[in-house]
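Peer 1: Okay, sequence plus prediction incoming.
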Amino acid sequence: MLNNKQSAAGNIPRILISADRSSSGKTTISMGLMAVLVSKGYKVQPFKVALDYIDPSYHTEITGRSCRNLDGYLMDENGILDVYTHACEAEEKADIAIIEGVRGLYEGFESLSDLGSTAQIAKILKCPVIFVINARSITRSSAALVNGYRNFDPDVEIAGVILNNIGSRRHAEKAKEAIEHYTGVPIIGIVPRDPAMQISMRHLGLMPALEGRRRLGDGGFEARLHGIEEIINKGIDVDRFMEIAKSAKSLKSPDNSVFSAASGAGIPKPKIGVALDEAFNFYYRDNIDLLKLAGAEIVYFSPVKDNSLPEVDGLYIGGGYPELFAAELEANESMRRDIKKASIAGMPIYAECGGLMYLTEKISTGIPGKGTYHDASMPESTYSMVGALPGHTIMGQTRVVSYNIGTLNKDCILGKKGNSFKGHEFHHSEIREIPEDAEFAITLSRGTGIMNGMDGLISKNTLGSYAHLHGVAYRELASSLVEAARKFQESRILL
């Protein structure tokens with residue numbers, strides 16, 4: 001149950017950008033609008049519906065504020081309001097919140113409910129929706145599309161339409177006239193068909209912003225973003241966009257916020273090293289915030305570039321693309337050696353997906369018959385990795401995209417035996433050559449995991465899983481990791 005107190009964040013203008021399907025252009029349009037508003041001096045707080053890491057990396061890059069994820073399957077209504085409120089107030093109060101949807105407006109976990117959908121988030125946050133249409137080759141039919149989406153759920157307020165991929169002035173005029181005549185919904189933007197609106201793709205979606213900046217160089221990367229900003233500034237009525245955002249109704253404050261500092265007076269702060277570079281950058285900012293609130297000091301390091309592990313009491317190695325930087329990761333022998341020594345010494349090490357792959361013994365890429373999939377060119381080769389966990393990572397055509405549900409089958413650095421969670425997994429790899437006596441800490445009732453419905457491969461206090469966890473959905477995550485790091489810190493002090 002939510003309380004009746006209004007939060008400052010609840011009165012911030014907000015707007016949600018959605019579409020009829022994927023590949024309609026909502027990501028680049030969202031990026032462009034954020035960039036335009038930042039250039040005008042607004043403090044823009046970005047959000048992304050569902051659990052994607054890559055789109056949020058661009059939103060963060062553009063706005064200078066950490067993009068947050070909102071997922072109605074993993075999080076309850078209070079959790080969504082909690083994430084929203086925390087984000088809008090955490091880094092100086094925002095002037096506007098812009099939420100990018102996922103897939104089509106009504107796509108979600110189930111066929112007969114809006115669970116996990118963009119529409120669910122729009123209703124929970126009382127958020128007007130801007131509907132993006134890929135209008136390539138359609139004009140009058142676009143009116144039928146808008147009417148269908150608007151009438152499907154009257155509780156979702158479609159307040160404006162942006163026409164994307166417009167080929168000519170006549171094309172724009174016909175589509176605009178039809179939509180406004182038959183639906184009464186205003187057209188607030190017309191975006192031309194332009195290759196400058198394209199962002200480099202990768203096998204899990206877009207190329208992450210951190211990697212894009214490295215590959216294109218600072219100048220090329222900024223030029224690409226500036227080009228998108230110019231197109232959007234010219235094609236979209238930004239003043240009308242802001243008026244719609246200001247029409248959002250007030251929200252109540254969440255109850256029992258998870259974003260509360262633990263009482264830690266006089267308790268040593270353990271240092272948790274977080275791997276952050278081109279190879280590892282899939283993190284939910286909320287997880288980092290929650291680790292800090294639970295009492296940790298965060299120390300960032302790069303498995304690609306740094307020669308040695310920093311002085312820390314625990315490690316968090318997130319997802320990313322270690323397969324694309326495998327040669328560099330292999331070449332950094334001193335870092336791999338330090339991490340393995342830390343694992344053997346009992347340091348708590350938590351690795352998700354890409355981090356799991358890095359901790360195995362080796363990674364093989366470009367295997368004949370497996371393909372290079374979706375613009376990810378990888379040579380046929382095998383690279384030595386850390387070896388803190390057993391197994392051989394094989395890159396291939398296996399594509400796993402799924403929510404998962406798991407239960408801890410033993411006490412471990414993620415919490416107590418019997419704890420359960422909802423998470424997700426998203427990968428193109430599999431782990432082979434796992435010994436028969438290998439231990440797993442997670443039993444899945446939904447999802448694929450590492451093998452035979454098991455996930456959370458462990459060795460001492462090192463745990464690697466394909467499951468990605470969000471600290472608002474699984475509240476024991478931050479406190480358990482920090483407690484494990486604190487115990488390790490204390491044991492070293494005693495020595």
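Peer 2: In hand now; what should we look at? Residues are numbered from 1 along each chain as shown.
Peer 1: Y383 contacts K362, correct?
Peer 2: Yes: assessed by CB atoms under 8 Å, Y383 is found in contact with K362 at 6.2 Å. Backbone N, C-alpha and C define where each C-beta goes, glycine included.
Peer 1: quick one: pLDDT of M1?
Peer 2: On pLDDT, M1 comes in at 36.
Peer 1: again with the one 5 residues further on
Peer 2: pLDDT for Q6: 59.
Peer 1: quick one, helices of the stretch 351-495 of the chain?
Peer 2: Using DSSP state H, counting those that start in this stretch, the helices of the stretch 351-495 of the chain run over residues 354-359, 476-494.
Peer 1: Go through these and find the least confident stretch.
Peer 2: helix 476-494 (a mean of 93).
Peer 1: Name the nearest residue to K422, sequence neighbours excluded.
Peer 2: Leaving aside its chain neighbours, K422 sits nearest to L74 (4.9 Å; criterion: CB to CB, 6 or more residues apart in numbering).
Peer 1: That neighbour in helix, strand or coil?
Peer 2: coil (DSSP: H, G, I helix; E, B strand; the rest coil).
Peer 1: From what I see, K417 and G456 are in contact.
Peer 2: No: applying CB under 8 Å as the test, K417 and G456 come out as separate, 12.0 Å apart.
Peer 1: Those two: which has the busier surroundings?
Peer 2: G456 (26 against 11; other CB atoms under 10 Å).
Peer 1: Please list all residues in contact with that one.
Peer 2: Shown in contact with G456 (CB atoms under 8 Å, 6 or more residues apart in numbering): 406, 408, 412, 414, 440-442, 450, 463-465, 467.
Peer 1: Tell me where the stretch 51-200 of the chain has helices.
Peer 2: Using DSSP H, counting those that start in this stretch, helices in the stretch 51-200 of the chain cover 54-63, 77-90, 118-124, 141-152, 169-183.
Peer 1: Which one, of the ones you listed, ends up nearest to D306?
Peer 2: D306 sits nearest to helix 54-63 of all these, at 20.7 Å, using CB to CB.
Peer 1: and that closest one, what does it pack onto?
Peer 2: helix 26-39, strand 44-49, strand 96-100, strand 205-206, helix 209-235 (3 or more CB pairs under 8 Å, 6 or more residues apart in numbering; DSSP states H and E).
Peer 1: that older thread, identify the contacts common to K417 and G456.
Peer 2: L408.
Peer 1: show me the residues around the residue lying closest to G449 once chain neighbours are set aside that make contact.
Peer 2: Residue nearest to G449 in three dimensions, not counting chain neighbours: D455, with 3.5 Å by CB to CB, 6+ apart. By CB under 8 Å, 6+ apart, D455 lies in contact with 404, 406, 440-444, 447, 449, 465-467.
Peer 1: any idea how far D455 lies from I17?
Peer 2: To I17, D455 is 34 Å away according to CB to CB, to the nearest Å.
Peer 1: Poorly predicted segments of the stretch 301-450 of the chain, please.
Peer 2: The stretch 301-450 of the chain contains residues with pLDDT under 70 at 368-377, 397.
Peer 1: Which parts of it are strands?
Peer 2: 314-317, 319-320, 349-352, 362-365, 381-384, 392-408, 420-432, 439-446 (DSSP state E, counting those that start in this stretch).
Peer 1: helices and strands around the second one, which ones?
Peer 2: Which is strand 319-320. strand 280-282, helix 354-359.
Peer 1: Can you tell me the strand partners of that strand and which way each runs?
Peer 2: For strand 319-320, the pairing partners within the sheet under DSSP bridges are strand 280-282 (antiparallel).
Peer 1: Is it possible to get the strands of the stretch 301-450 of the chain out as CSV so that each row also shows mean neighbour count and distance to Y283?
Peer 2: As requested, those are exported to CSV (neighbours: other CB atoms under 10 Å; distance: least, CB to CB, whole Å):
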stretch, mean neighbour count, distance to Y283
strand 314-317, 28, 8
strand 319-320, 26, 8
strand 349-352, 27, 9
strand 362-365, 21, 21
strand 381-384, 15, 23
strand 392-408, 18, 18
strand 420-432, 20, 14
strand 439-446, 19, 20
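Peer 1: Reformat those as CSV; add distance to D194.
Peer 2: CSV is the format used below for the strands of the stretch 301-450 of the chain (distance: least, CB to CB, whole Å):
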stretch, distance to D194
strand 314-317, 39
strand 319-320, 30
strand 349-352, 37
strand 362-365, 34
strand 381-384, 38
strand 392-408, 30
strand 420-432, 30
strand 439-446, 41
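Peer 1: Of all those, which one is nearest Q489?
Peer 2: The nearest among those, by CB to CB, is strand 314-317 at 8.3 Å.
Peer 1: quick one: strands adjacent to the closest one?
Peer 2: strand 271-275 (parallel), strand 349-352 (parallel).
Peer 1: Against K269, how distant is the residue at minimal distance from the centre of the chain?
Peer 2: For the chain, the residue sitting closest to the mean C-alpha position, by CA atoms, centre = their mean, is Y53 at 2.6 Å. For Y53, the distance to K269 (CB to CB) stands at 27 Å.
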